[in-house]
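**Q** following is a predicted model, sequence given first.
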Amino acid sequence: MEIGEIPSMEEMEIALRNAVKEVDSSLDVQANRTFAERKSAGFRIINEIGEKIANID
């Protein structure tokens, strides 16, 4: 990806997952809303048993 390009959902999910795992390796990230015009991407942080810890918009 180059500067000025919009990242894909997969690229955003991987970047967030890597950041979250640096803080706590037991947590994970799942995409739950795809970005579009006038709509932000949505992600959730979950623990090892799948419980939602936080949402990211």
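**A** Nice, I can see it.

**Q** all the helices of the protein, residue numbers only.
**A** Assigned by DSSP state H, the chain shows helices spanning 9-23.

**Q** which residue is nearest the centroid of it?
**A** Glu13 (3.8 Å; CA atoms, centre = their mean).

**Q** contact partners for that one?
**A** Residues near Glu13 by CB atoms under 8 Å, 6 or more residues apart in numbering: Val29, Gln30, Ala31, Phe43. C-betas here are computed from N, CA, C, even on glycine.

**Q** one more pass at 10 Å, please.
**A** Pro7, Asp28, Val29, Gln30, Ala31, Ala41, Phe43 (CB atoms under 10 Å, 6 or more residues apart in numbering).

**Q** which of those count as buried?
**A** The neighbour-count test (16 or more other CB atoms under 10 Å) marks Asp28, Val29, Ala31, Ala41, Phe43 as buried among the contacts of Glu13.

**Q** find the nearest non-adjacent residue to the fourth one, please.
**A** Same thing as Ala41. Phe35 (3.8 Å; CB to CB, 6 or more residues apart in numbering).

**Q** burial of that neighbour, as a residue count?
**A** 16 (other CB atoms under 10 Å).

**Q** going forward can the numbers begin at 57, since that is how I track them
**A** Yes, from this point I'll number from 57; that puts the last item at Phe91.

**Q** Met68 is in contact with that one, correct?
**A** Yes: Phe91 lies in contact with Met68 (CB atoms under 10 Å); the separation is 8.0 Å.

**Q** list residues touching both of those two?
**A** When contacts are counted by CB under 10 Å, 6+ apart, the set common to Phe91 and Met68 consists of Ile62, Ala97.
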